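Asks: sharing a model that was predicted from the sequence below.
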Amino acid sequence: MRVTIDGNEAAVSVAYRLSELCAIYPITPSSPMAELADEWSSRDRPNMWGTVPTVMEMQSEGGAAGALHGALQGGALSTTFTASQGLLLMVPNMYKIAGELTSTVFHVAARSLAAQGLSIFGDHSDVMAVRQTGFAMLASSSVQEAHDLALVAHAATMRSRVPFVHFFDGFRTSHELTTVELLPDDVLRALVPEELVRQHRSRALTPERPFVRGTAQNPDVYFQARETVNPFYAETPGIVQAVMDELAEHCGRAYTLVEYAGHPEAERVLVVMGSGAETARETVEHLVARGERVGVVQVRLYRPFPAAELAAALPPTATHVAVLDRTKEPGSAGEPLFLDVVAALAEGHQRGDLAHLPAVVGGRYGLSSKEFTPGMVAGVLEELAKPEPRRRFTVGIVDDVSGTSLDYDADLDIEDADTVRAVFFGLGSDGTVGANKNTIKILGADPQMHAQGYFVYDSKKSGGQTVSHLRFGPHPIRAPYLVQRAGFVGCHHLGLLEKVDVLARAADGATLLLNAPQPPAEVWDALPGPVQQQIIDKGLRLYAIDADRVARDCGLPGRTNTVLQTCFFAISGVLPRDRAVEQVKAAIHKTYWKRGSEVVRRNEEAVDAAVAALHRVPVPAVPTSCRLPAPVVPASAPLFVREVTAAMMAGRGDDLPVSALPVDGTFPSGTTAYEKRRISDLVAEWDPDTCIQCGTCSFVCPHSVIRSKYCDETELAGAPEGFKSAPLDAVGLPSTRYSLQVYVEDCTGCGLCVEACPVSPLTGTGRKAINLADADEQVERERPNIAFFETLPVNDRSRVDFGTVRGTQFLEPLFEFSLACAGCGETPYLKLLTQLFGERLTVANATGCSSIYGGNLPTTPWTKNAAGRGPAWSNSLFEDNAEFGLGLRLAADLHTRLARERLAELRDEVGSELVDAILGAPQVRESELGAQRERVAELLRRLDALEDGRPAVEDLRSVADHLLRRSVWIVGGDGWAYDIGSGGLDHVLASGRDVNVLVLDTEVYSNTGGQSSKATPLGAVAKFAAAGKTAAKKDLALQAIAYGNVYVARVAMGADAQQTLTAFREAEAYDGPSLVIAYSHCIAHGIEMKDGLDQQHRAVASGHWPLVRYDPVARAHGRNPFQLDSPRPRIPLEDYVYRELRYRMLRNTDPVEAERLLALAQEAVDQRWATYEDMATRSASQFTADARRSS
Amino acid sequence: MDLSTTYLGLRLRNPLVASASPMTRSVNGIRKLAAAGIGAVVLPSLFEEQLRKEQDRDDALAEGGSEAFSEALTYFPTGYSGLPGRPQRYLDLVERAAGVVDVPVIASLNGSTAGGWEDFARSLQEAGAAAIEVNVYFVPGDPHVTGREVEETHVAILQRVRSVVSIPVAVKLSPHFSSPGQMALRLDDAGADGLVLFNRFQQPDIDVETLAVHPATGLSRPADAQLPRTWIAILRGHVVCSLAATTGVDEWDDVVKYLLSGADVVMTASALMRHGVDHVRVLLDGLQEWMARKGFTSLDEVRGLLAVPRGVDATAYERAGYVSALERARGTYGDLRVGVHQ
């Protein structure tokens, strides 16, 4: 059967059918495999043997590997899906599983490892890090192979007893949508006979035939025992080939362990593994047709390494071989595949199998999904033709530091002329990608047609762009690289022409479709000059449609996908127009029938209307516009931002040479300020006349775009005409003006400020003191105002009462314009953190949403103030964040101690008064901290006067900043705190050290797309809990309270902003571990984000999220440390939960179960409230004492 | 005593029908009503407009943020996005209720536009609804809509639902027509199996303290029964379809009055909300006792006894005798004009 699926689905389709257990944990880009398995299991889809596989989500990949190991020892056919750091966490179990000769397959969407920076994209760094574990390794190069070799892996592991890693390139293969032939059940059954399943079971632990496995072995036998497995590994390549041959008999697709393609008497040969092999093969065929003697060896089985087969595959004529590795092993003699090939050929030569030993060179390509194109393949082969080819090289980048990079012809185009190539530029969630996926399925369903789609997404969670790369044609498509010469370019938002080079990929004579709001006659003049020039130079055929209007007129406001998809079909010529329209309508019916005939009708109407509203735009001979796109960053930006950051922002990051990048992953703070993204049509607008200056809008703004300052009225003398201000609403400051400035170009239009604004003037218009208004007008009006606002001094912290929400608005946020989702529930907390403690703040950030919007290039939001001080931020890993943060604390404590010791040593020279003041200074209140900062500055001045070079002086100078109390915050989401980092968090909280933990609790794995965590509430639907979560949310607060010396708070700023503020300040001031658990509404809750704060309020009002504070200091003073800050639940849980899709989904699909779980959840809420009320009325002595202090 | 009656062609054990209320929103509530002896139940109205809105909203939320960021191409289990939310739940209620009670379960569709009804009406039939009550709750907020258009909408909705289901279809309508009687006749002609008189127009109220507008949701009172009773009395004999009375039932005598005026069934939600499910028995016992006291042995003898006599009508229409019919009706029921012009 022919289907259009991606690599993940291709692999899991086989793995699921051949497994009894899937032990899983979400990690990009392998998550969809686990998600599909879970979805099928929750719908009772059986495996090959008629049982429904169990899908078990674990707390980490380490946990998944452990569970898997146990299940294997219990005799269950078990599999897992993972990538990158996840695979690394499985390493200890991999040795065990292999050492015990246990049949299993790990399906890996191969991905980069976090080194100088994290990358979610594809290369072989992860799989190469497990090549020594004893797992066999099978590499697929395409979606079809990912499907077929998944079966080969499962069949071979059952026959050989050697466990397998089956891997394919993350994103490039895992996410490429293409037409493949699906293996029917009987082929799976034929290759994995039940007898093998029974043999697997017979090796399981059972008290009926007891034995021990997993002994501790001593020097006498460990070595010999390790060597016992050799025969199994020796047989494995033969077994794999036998399975491949059987597969070929059944389905006609023949595979070999290593496969040669090219000239039979090739002189220059590449060796490559994974999707790059497809590109290499196509390029080689192209070059052979041009008379070149070149070839390529594709390695499919990498472990056990088929040395003899490799030597045999190489044509005897080969004189030069280049081995390409998609990984980097710094310090090694060469990358792994290269070293394996060298050894294999040398041995082959020694054995006499090879008449001569070709010269072998090794190169790196494609790290982190860097493109690997025919031009690069040809470039490597050209290098081999040189008299002295480089022995080590890179291809695909410009390495101007070590000179490793090869030159190549970036314009080499070898693609089949019959293949239609198209690229589409859209914005995230605008329907472009969905429509294109739909197009591929439409065309892929035609038995005469082959189709491929690959989608490039932005690193931003809001307002990011998408580029869809589509290919269709009568011949099989083997082009795992982006479309380089597109015959069709769709630009679905005119504004994108201003930001990225949309036409760079347009072939000469291509068709360009613009979605433009202008009438057809005005479209041309609306284009920037350089774009017009490109259109003329390339001879593009220009079409335009106002898709937004067509969609609106058809009752589909904001849904332009159907309209633009129809336009593509109408003008691209992939299908005759009538047939195309018919197919689109058929697809509409299939997609929307469930939603009723009215929706189907509206979409069908949109199809017809689209054809009617599509216009060809005449292209004049010369440009009519001299308008240039706006510069990417202002000329005033720092050099690094102008030269490096700006290139990344403009989509030219691939062109940056090695020398442009920092050597150790260190990047400047505060670069989002240069981005000015203008992603929303609506932005906030302040109404000074009705505003009560409460600061709430500023407090809740997730993007830090609402800033307040007050100043003397004289300072406004030079203000632009439209600059808004009002008399400051404060007693005793009659001549002081208050100004609230919206940074309109950074505003995402999320509307949280409007919802939060307590002012509701009786104008009958529903307007508040802050409202959403047309962005274009606001941007023009506010630009000079923002510039002026920035010249006003930031208010003196010592004159601001930031014990109140109102006061905090005058504190400068040092976390701004993040790329989080519009209306994010997490970022307001981070902003508050920086406002309160930013100048002294060190942040350890767990991997997840907050590390992505906080640290994903090109621009990052953590910034600094005018004095150059601000949060120091770092992300280590997902699982170790608490430990990482503790390390930062320990280092700070060490250096504080060192500084104090040195200071004491230098007491007489520095001045006893100052030294004593510094050493004895209390550092809790802001005023105390301010005074200490001044003392430290004075100290540094005095040190400058002392003799340089003395160890004590230099020591003190290097750590003097630690004399000011440093604020260490450990930040992460619930996936980290409740699951993968739970053990570490627990340990760190138990350490007694002065760390502050902020858990941004979205109750779900947000960053990887909504998988269930132990924070997910009872009855909520999430991925891996598709039938509603049946376990209650873990009460992390109570767990931490049990220690007695941990400050604990549960907060929700939408319910009680003041309590949030108080908790943050108390947590920071507390000399010991603090844990603040912050309710963070999230797009994965299925709410309109503007309602996020209201939902926070309801979460608290219903008792789902009781606000509490536990302060060990209170206990020390004989008071009850447990304070219940929210009133008794006053709305039923139902009134909170059913406002969110995550709960409604279950009510929609299984109302009986939803009713049952809701009743249980309500019961749990009531019970917990009773417990809390009881705790709130206890005496201090009924709580655990803090043993660190005497009370 | 034979209390059985026929409504919409369905045989009911008695004429008391539970109209839509929170009690008929759950299987449990419906089960209790059946156990208490109710003749039939009408499920709460599925507001077409609300249904569409909810469906669109849930679909949009399920797709929200999708296909934008590489690590999270979706945020919800994929197989579950795009499910038609509330309708699914409603169908489930119909199916489960129909399975557990032996009295007819009548589904109710509440809409204001003609369109998008067919799919759902069909699904209701498949789910086991004994009949469909089309609740045309039309508030012409647009002052430009003509009376004729409002009437046409009613007929169109009925016809579209009628055309896709084989189960009986009743129309619940409001009294706010220039000529409610004529509207009833048109609906009868257009194939309605029953008419439910009347829908209560829930006008919003104003809170003078908060300066906010609130929807009014009070229970009906016996006085509210005058208007529907009058029209049932007039329509009895002029329409082929069943007549159901709703609004203003509190005690057994309210039931009796409706039956005497010509109702086939009497619906109540307010009485059951006010007094509890057991009030079903109180009403039926009261009816039975009254019948016994008056010497009736079956409902057929009671029904329409005090309806406007058929003969009067024929001449009334020809020679403005309509007035005299009304006059007579006024004698029986009170000042009709007040009722009409309310």
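Replies: Done, it's in.

Asks: so A:Arg281 makes contact with A:Val294?
Replies: No - using C-beta atoms under 8 Å, A:Arg281 is not in contact with A:Val294, being 10.9 Å away. No exception for glycine: its C-beta is placed from N, CA and C like everyone else's.

Asks: of the two, which one has the most company?
Replies: A:Val294 (28 against 22; other C-beta atoms under 10 Å in any protein chain shown).

Asks: what is the end-to-end distance of stretch B:6-25?
Replies: End-to-end span of stretch B:6-25 (C-alpha to C-alpha, to the nearest Å): 24 Å.

Asks: so which bits of that stretch are buried?
Replies: Residues B:7-8, B:10, B:12-21, B:23-24 are the ones in stretch B:6-25 that count as buried (16 or more other C-beta atoms under 10 Å in any protein chain shown).

Asks: where does pLDDT dip in chain A?
Replies: A:594-596, A:762-764, A:1189-1191 (pLDDT under 70).

Asks: ok and the residue in it nearest chain B?
Replies: Residue nearest to chain B within chain A (C-beta to the nearest C-beta): A:Gly428, separated by 2.4 Å.

Asks: could you dump stretch A:906-926 to PDB, C-alpha only?
Replies: The C-alpha atoms that make up stretch A:906-926 are tabulated as PDB, following Å, rounded to 0.1, in the frame of the first residue of the first chain:
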ATOM      1  CA  LEU A 906      44.000  43.400  53.800                       C
ATOM      2  CA  ARG A 907      42.000  45.100  56.500                       C
ATOM      3  CA  ASP A 908      44.600  47.600  57.500                       C
ATOM      4  CA  GLU A 909      45.600  48.500  54.000                       C
ATOM      5  CA  VAL A 910      42.100  48.900  52.700                       C
ATOM      6  CA  GLY A 911      40.800  50.600  55.800                       C
ATOM      7  CA  SER A 912      39.200  48.900  58.700                       C
ATOM      8  CA  GLU A 913      36.100  50.900  58.700                       C
ATOM      9  CA  LEU A 914      35.200  49.900  55.200                       C
ATOM     10  CA  VAL A 915      36.300  46.300  55.600                       C
ATOM     11  CA  ASP A 916      34.200  45.900  58.800                       C
ATOM     12  CA  ALA A 917      31.300  47.600  57.100                       C
ATOM     13  CA  ILE A 918      31.500  45.200  54.200                       C
ATOM     14  CA  LEU A 919      32.000  42.100  56.300                       C
ATOM     15  CA  GLY A 920      29.300  43.000  58.800                       C
ATOM     16  CA  ALA A 921      26.700  44.300  56.300                       C
ATOM     17  CA  PRO A 922      23.200  42.900  56.400                       C
ATOM     18  CA  GLN A 923      22.200  42.100  52.800                       C
ATOM     19  CA  VAL A 924      18.500  41.500  52.800                       C
ATOM     20  CA  ARG A 925      16.700  44.800  52.100                       C
ATOM     21  CA  GLU A 926      17.200  46.600  48.900                       C
END
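
Asks: what sits up against it?
Replies: A:797-798, A:802, A:900, A:903-904, A:928-929, A:931-932, A:935-936, A:938-939, A:942-943, A:946, A:952-953, A:956, A:963-965, A:1069 (C-beta atoms under 8 Å, 6 or more residues apart in numbering or on different chains).

Asks: going along the chain, name the helices of the stretch 1-150 of chain B.
Replies: Here the stretch 1-150 of chain B has its helices, by DSSP state H, counting those that start in this stretch, at B:27-36, B:48-63, B:85-100, B:118-127, B:147-164.

Asks: buried ones in the second one?
Replies: Along helix B:48-63, the positions that meet the burial threshold by neighbour count (16+ other C-beta under 10 Å) are B:48, B:51-52, B:54-55, B:58-59, B:61-63.

Asks: residues contacting the closest residue to the residue of chain A closest to chain B other than its chain neighbours?
Replies: Leaving aside its sequence neighbours, A:Gly428 sits nearest to B:Ala68 (C-beta to C-beta, 6 or more residues apart in numbering or on different chains; 2.4 Å). Taking C-beta under 8 Å, 6+ apart, we find B:Ala68 in contact with A:427-429, A:457-458, A:461, A:464, A:466.

Asks: which of the residues you listed sits closest to A:His147?
Replies: A:Tyr457 (24.1 Å; C-beta to C-beta).

Asks: interface residues of the stretch 851-1000 of chain A facing chain B?
Replies: Within the stretch 851-1000 of chain A, the positions lying close to chain B (C-beta under 8 Å from any C-beta of the partner chain) are A:Ile852.

Asks: for A:Thr808, phi and psi?
Replies: With angles defined as degrees, to the nearest 10, A:Thr808 sits at phi -60, psi -20.

Asks: residues in contact with the nearest residue in space to it that is not next to it in sequence?
Replies: In space, and not counting its chain neighbours, A:Thr808 is closest to A:Phe802: 4.9 Å by C-beta to C-beta, 6+ apart. The contact partners of A:Phe802, taken as C-beta under 8 Å, 6+ apart, are A:808, A:810-811, A:835-836, A:926, A:1061.

Asks: you'd agree A:Phe802 is in a helix?
Replies: No - A:Phe802: not assigned to a helix; according to DSSP: H, G, I helix; E, B strand; the rest coil it is coil.

Asks: now do it against A:Ala867, distance only.
Replies: Distance of A:Phe802 to A:Ala867, computed by C-beta to C-beta, to the nearest Å: 18 Å.

Asks: select from the contacts of A:Phe802 the one having the most neighbours.
Replies: A:Gln835 (25 neighbours).

Asks: wait, doesn't it sit right on A:Phe810?
Replies: No - contact criterion C-beta under 8 Å: A:Gln835 and A:Phe810 do not qualify, at 9.0 Å.

Asks: rewinding a little: was I right to think the residue of chain A closest to chain B contacts A:Val467?
Replies: No - contact criterion C-beta under 8 Å: A:Gly428 and A:Val467 do not qualify, at 11.2 Å.

Asks: can you list the low-confidence ranges for the stretch 151-300 of chain B?
Replies: In the stretch 151-300 of chain B, residues with pLDDT under 70: B:202, B:215-217.

Asks: what residues does it put near chain A?
Replies: So far as C-beta under 8 Å from any C-beta goes, the stretch 151-300 of chain B lies against chain A at B:Leu211.

Asks: that concludes my questions; thank you for your assistance.
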